[in-house]
Structure formats: structure tokens, C-alpha cells
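Next come a sequence and a model predicted from it.
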Amino acid sequence: MRLYDPTARKYGSAGPLTTKRPVLPSAVPLFSRGRARVVALDFDSKTHGHEAVIADVERVLAWLTECGGRAVVDRSTSGGQHVLIPLAPGKTVTVDDIRPLLRQLAVRLPTLDITPMTNDATGCITIPGSPCKEGGYRQLVDTDPATAYDILTVGSDAGALSRLEALLGGTARPISRPVDAQIHADAVSERVIGTAHDARLHPRLCRNTPPPRSVTDFARTGRLDTTRWPSRSEARQSVLTHAVLAGATPAEICARAAEPEWTGLRAAYAHYADPAHAIRRDAHRALDWAASTLPDPVRDTGHKQKHTGGTTDPIFRNWLTHAHTWVTAEYAHRRDRWTTHTVIQALAWAAAVSGQIIEGVPTVGVGGRSLSIAAGMLPESTVWSVLERLRETEGSPLLLIERGVGQNPDRYALVSTPAARETATVPGAIAGEKADHPGEIESVHPAWSVIGWRHRMLYDAVDTASDAMTADELFAAVGIGRTSGYEALLDLRVAGLIIVDKNHLIIGPVDLDDIGHRHGLTTAVRARIVRHRAERIVWREWLAARDDARTPAEPDPALFTIAHDDPVSSVEPEYIAAVLDTGPPDPD
């Protein structure tokens, strides 16, 4: 949490969340690793007053109810209010995902401050029960703690935010980068069936529920609800979007606009020279938005997934033990030790799955993007940095044997140093061997991207220990200091991954899949894989364009055709004989 500094008049110092209520106003961060599980709307009463805040909150709550959203509302002593919208279990959003919707809301709700939700680095929000700057405490509005807890636990419908965006009539999302354009094109091609004006949304994404009353009223009468639509443009787009969500094609929408029940929509396009063309154009825009924006209707059910190596050859496990021993010795007092352990684990898994053994030495060719997923969603830049350091460090267990060119990745040899073999005392857990998969090597679970990379080492040691260990024994086995070790152990206990039984540590009731499901990591992994696929396509296209630019064009045969006014046979024989007798001219 971040504590409020009355002198500086801003939230400054950060500290761990406490069980006891802080004395000063405190705020909790909205984003974890760039993703948020709750959308927080901050309504400020300083400019427009308390009554305007109440009106705006009631308006947004009504829209959320229409779209399947749930929210918890609290109020400060100054009259400002917060609307906390929990997403469906397993669903998260980034700033880029939520920014278009926030901008639409800000246009319609003058007291809304979207700043907290548009900064994934420092965005935070004060929560119910926190002290207020003016004195007193933030209190729940029209609900009790038990109901609020239920709302935050169950969350909203999976498509609530997309429905809200469609309700407000905003479907334009600019695309600037080639990679984003490729991702957008892939999503649309997979979710749209049919072509041209007969294209429609895939049935698995269509909605069966009727559109909101305000949408049908505008389509029938043309009456504009100015509380949700600034102009008729957003209103008619909302009608078309809901028709697309119901499975209609642009051709069907255009035909329906000619019927009496859509008189209001037809009137909204009457000022165009070709209304039918304008309706089809906007329907295609709505179809494009729906196909690229709607979440997958199948929820992440949290099924357990095992990512183990494809071979049980002990050479990979031995190298992993040696490599971890080397990293523990060389990186003992460095902050990047834990990410290095993570990359080492991912390299061993990649080698076990797709590598080769050449003269007793494991080799693997793998790119940083693929390795980042095997490393539990470690950022690609961190993976590349770790690989670079390992390549350049003398005595490293990683040896670069072939530099990647074009689409081919770097190839590495997983070598074992004599020093590592002599001092290899790392427990089997750190070597990546799991009790339920003896001899096999696992990739790093993405849940560690939320919990922390050093926590993985402690958890794995407890998970695979033959006998329960005390905290001091665990810290000695992993090679971590008491202060840092107890901090990580506390986080693991809070998460439910480890519990203490008679001063000994055992695995808790919560597993990594539960945490991954809670934070929507399956969706995050899938999104990164899609992005990597798009980046590779763009990279291949760039390579092809570069090769085309380097290849000289075929010469035009016409440039080498010599035109003669007179054929050679017409040259005087005397002239030819004279040239042969005298030879070439003097160069001087």
C-alpha cells in the first residue's frame, strides 16, 4: 500500500499491506505486472459538487447492470465516490485494453477521473475503510461488508466491459504498430465467418439476450438518450453493434433498416447520399471491433496443466543441478540471481523437449520469446539480458555455439564445469525434478510472475524435500539470507502455498494453478503467444523485403540491343582493310 503524505499532498512512501487499519490515508495498487483485476472509477466532487457525483455514479451503475457488471461503491467524507468493478475470475485488463472505455465514460461523466486506471506503474486507489484526507473514513454505500465481499469474489460477467463499450457506441480503436495490425487481422480472421457483406460473428461469440431498452428505443423512434450518447453517431453505432453481437451480417442489418421497426435508425442515416452504403460501412466497423475485442466465452476453469520435459535422460537433470549450483555461487549477492535461476530452468526444459545430445553434451536452439513463456512469463527483455550475461561469463554452464541468423535462433551447448560437479549440493527441487514426475523437468509456472521469482526456489525445495524442514534449514538449502527468506516465506504463507506445522514447513492447500486462474494467467499466456506469432510474421516479412532490396533487378534486354542504321555488311571493304593494316591508334 502507499501512504498519503500530508506535507507533500500526495501518496508517497510504500509499505506492505497491514492487517490493522493505517493511521494515514492509504491506497493499494491497481495493477500487478501491468494487469488489473478490478476497474476502479474515481468520482471527484471538488469541481462539480456532491450532487453531480451522485448522479454520475447512479448512471454508471445502471449501465453496468444492463451489461452484467457488478460493483462495490464507497464514499469519502468530502463527497467523492469510488466504483470498484471486479472482473470475472481469471480475467484481467491492461491500460491499453481499458483506455478506450475510460475515455468514453469520461465524456459522459464529468466528475470521473480516469487517471488511476491509466497508469499501470503508479495507479492506486483508496479502499473502503481507509482514513480520509479530510478526516473520517471511507464508507460503503448501500451495501454491507458481506455483500461487498461476495461481489468482489464472484466478480462480473466475462463480457461486461465489452458490452458496456458497445452500449456507449464506441468501436474505433487506432492501430499504429505493424505487430498490432497483425494480431488484429489474425483475431478477425478466426472469429468472422463469411465474406464481404455476408460476413458475421462466429456463433460462439454471439449473444442471445436482447439489447438494452435504450438501444431498441433509438432504433425504433430515433429518440436520443443524451445521458449515454453525446450525439446520434454513437447511438446508431450502438444499434449496429448490438445487431452484430446478435449474429447479423451487414447485408441483413441494411435490409432490416428498411423495415418499420428501425425507422429511427434509418432517419439517423438519411442525410447521407447513399444511406445503405453508410449502414454497411458502420456495420463492418462494428463487426471488426467485436471480432477483435470480445473475450473468449469459455472461462479459464483452472484445470491443472503439467509442462514436463519430453525425456527422462539424466544428462539434462545433472546439467540443471550443476547450472543452479554455479548460479548460486556466482550470483549469491546479486539481485538478478533469481531471474537467472528461472532462465536456467527454462533452458533445461527447452533442451529436454526439443534439444539434441551431441557427443554427450545437450544442445538446444531456442529464441528469447519462446524462452520467456517457458520461464513463467518472464519479460523477453529480461531473458535476453540473462542470456547475454551467461554467454559472456567465464565458466558459465551456457556456451553459445551458433549465432542465430534470420529466422534461426541462437544455439547453445549446456556444459557442466568441473567446479559445479564437485560442489553440486543443490536440492532436487531446485534442479527442477518434481515428486509426481520423477526424472522429468518442468517449465516455470506462470504463477511465479505474480508471486515472485525467489519464492519459487523456496516453494520447490519444500515441495520435493524428503522430510519436512524448518525455516532455517530451508534458507540454508536454498542459500538465501534470513531477512529475505522470511519475507518470501511470509508471502508464500499469505498466498496459501506453504503452511507451518509444528515449526516445520509443508505444502499448503492452494496450488499454483489456483493462483494462475485467479490472476487470469492462462489468458495472459495465450495473449503473449499470439503476440509472438504476430511478431514473427512481421519479422519474416521484413526479412523478405530486405532480401528483395538486396537482389539486383533483372536487366532489361532492350538496353543491350545496339541499333545500326547500316548493317555491317555495308561497310566499305577498303575501310576494313585499312584499319587492319594500320592497327589501333597511338594512345598518346
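Ah, there it is.

which residues touch the residue positioned nearest the centre of the chain?
For the chain, the residue nearest the mean C-alpha position is Ala524 (4.8 Å; C-alpha atoms, centre = their mean). Listed by C-beta atoms under 8 Å, 6 or more residues apart in numbering, the contact set of Ala524 reads Arg35, Thr92, Met377, Pro446. Glycine gets a C-beta too; all of them are placed from N, C-alpha and C.

residues in contact with the first one?
Yep, that's Arg35 we're talking about. If you count contacts by C-beta under 8 Å, 6+ apart, then Arg35 has Thr92, Val93, Thr94, Asp120, His519, Gly520, Ala524 around it.

if we can go back for a sec, tell me which helix or strand the residue nearest to the centre of the chain sits in.
For Ala524, the element it lies in under DSSP states H and E is helix 521-550.

Pull out the buried residues from the helix or strand containing Asp97.
Element membership for Asp97, per DSSP H and E: helix 95-108. If you call a residue buried by 16 or more other C-beta atoms under 10 Å, then helix 95-108 has these buried ones: Val95, Asp97, Ile98, Pro100, Leu101, Leu102, Gln104, Leu105, Arg108.

Spatially nearest residue to Thr328 (excluding sequence neighbours)?
What sits nearest to Thr328 in space, not counting adjacent residues and going by C-beta to C-beta, 6 or more residues apart in numbering, is Gly479, at 4.9 Å.

gap between that neighbour and Ala329?
Look at Gly479 and Ala329: by C-beta to C-beta, to the nearest Å, they are 9 Å apart.

which one of those two has more residues nearby?
Comparing Gly479 with Ala329 by neighbour count (other C-beta atoms under 10 Å), the higher total belongs to Gly479, at 19 against 13.

from memory that one sits against Ala332, does it?
Yes - contact criterion C-beta atoms under 8 Å: Gly479 and Ala332 qualify, at 6.5 Å.

distance between the ends of stretch 195-205?
17 Å (C-alpha to C-alpha, to the nearest Å).

Name the residues of it that are buried.
Ala199, Arg200, Leu201, His202, Leu205.

Now for the nearest residue to the fourth one once chain neighbours are set aside: which residues touch it?
In space, not counting the residues next to it along the chain, His202 is nearest to Arg191; the distance is 4.9 Å by C-beta to C-beta, 6+ apart. Taking C-beta under 8 Å, 6+ apart as the definition of contact, the neighbours of Arg191 are Leu201, His202, Leu205, Ala290, Ala291, Ser292, Leu294.

Nearest to Leu265 among the residues you listed?
Using C-beta to C-beta, Ala290 is the member of the contacts of Arg191 that lies nearest Leu265, at 17.9 Å.

ok so, going back, which pLDDT value belongs to the residue nearest to the centre of the chain?
Note for Ala524: predicted pLDDT of 82.

again, but for Pro16
Looking at Pro16, its pLDDT reads 79.

Kindly report the same for Ser45.
86.

Need the three-state assignment for it.
Judged by DSSP: H, G, I helix; E, B strand; the rest coil, the three-state class of Ser45 is coil.

quick one: Ile529 from Ile183, how far?
Relative to Ile183, Ile529 is positioned 11 Å away (C-beta to C-beta).

okay, and the common contacts of the two?
When C-beta under 8 Å, 6+ apart defines a contact, no residue borders Ile529 and Ile183 alike.

okay, the two: which has more neighbours?
Ile183 (21 against 13).

how deep is the nearest residue to that one once chain neighbours are set aside tucked in, by neighbour count?
Leaving aside its chain neighbours, Ile183 sits nearest to Ala534 (4.5 Å; criterion: C-beta to C-beta, 6+ apart). Residues near Ala534, counting by other C-beta under 10 Å, number 21.

thought Ala534 was touching Arg369?
No - here Ala534 does not reach Arg369: they are 11.0 Å apart, not a contact under C-beta under 8 Å.

Look at the residue nearest to Ile183 and report its pLDDT.
Model confidence at Ala534, expressed as pLDDT, equals 86.

What residues does it make contact with?
Under the contact definition (C-beta under 8 Å, 6+ apart), the residues listed for Ala534 are Val179, Asp180, Gln182, Ile183, Asp186.

residue ranges for the strands of the stretch 401-550 of the chain, please.
Taking DSSP state E, counting those that start in this stretch as the test, the strands found in the stretch 401-550 of the chain are 411-414, 433-434, 437-441, 498-501, 504-507.

residue contacts, the residue lying closest to Ala350 once chain neighbours are set aside?
Excluding the flanking residues, the one nearest Ala350 by C-beta to C-beta, 6+ apart is Val366, at 4.6 Å. Going by C-beta under 8 Å, 6+ apart, Val366 touches Leu347, Ala350, Ser354, Pro409, Asp410, Tyr412.

on that earlier part again, with respect to Leu512, which of the contacts of Ala524 is nearest?
Nearest to Leu512 out of the contacts of Ala524 is Pro446 (C-beta to C-beta; 8.4 Å).

Return the members of the contacts of Ala534 classed as buried.
Looks like the contacts of Ala534 have Val179, Asp180, Gln182, Ile183 buried, using 16+ other C-beta under 10 Å.

coming back round to it: tell me the pLDDT of the residue nearest to Ala350.
pLDDT for Val366: 90.

Pro567 too?
Among the per-residue scores, Pro567 shows a pLDDT of 54.

Kindly report the same for Thr171.
Thr171 carries a pLDDT value of 65.

One more: Ala290?
Ala290 is assigned 84 on the pLDDT scale.

quick one: it from Asp460, how far?
For Ala290, the distance to Asp460 equals 43 Å [C-beta to C-beta].

now Leu101
Leu101 is 40 Å from Asp460, where distance means C-beta to C-beta.

and the next element down the chain from the helix holding Asp97?
Once the chain leaves helix 95-108, the next helix or strand it forms, by DSSP H and E, is strand 112-113.

Can you spell out which helices and strands pack onto that next one?
For strand 112-113, the elements it packs on are strand 38-43, judged by 3 or more C-beta pairs under 8 Å, 6 or more residues apart in numbering; DSSP states H and E.

Which strands or helices does the following helix or strand past the strand it packs on pack on?
Of the helices and strands lying after strand 38-43 in sequence (DSSP H and E), the nearest is helix 50-67. If you count contacts as 3+ C-beta pairs under 8 Å, 6+ apart, helix 50-67 packs onto strand 38-43, strand 81-86, helix 160-167.

mind running it again at 10 Å?
Secondary-structure packing of helix 50-67 (3 or more C-beta pairs under 10 Å, 6 or more residues apart in numbering; DSSP states H and E): strand 38-43, strand 72-75, strand 81-86, helix 95-108, strand 112-113, helix 160-167, helix 213-221.

now that helix against helix 213-221, angle please.
Counting by axes from the mean of the first three to the mean of the last three C-alpha atoms, to 10 degrees, helix 50-67 points 80 degrees away from the direction of helix 213-221.
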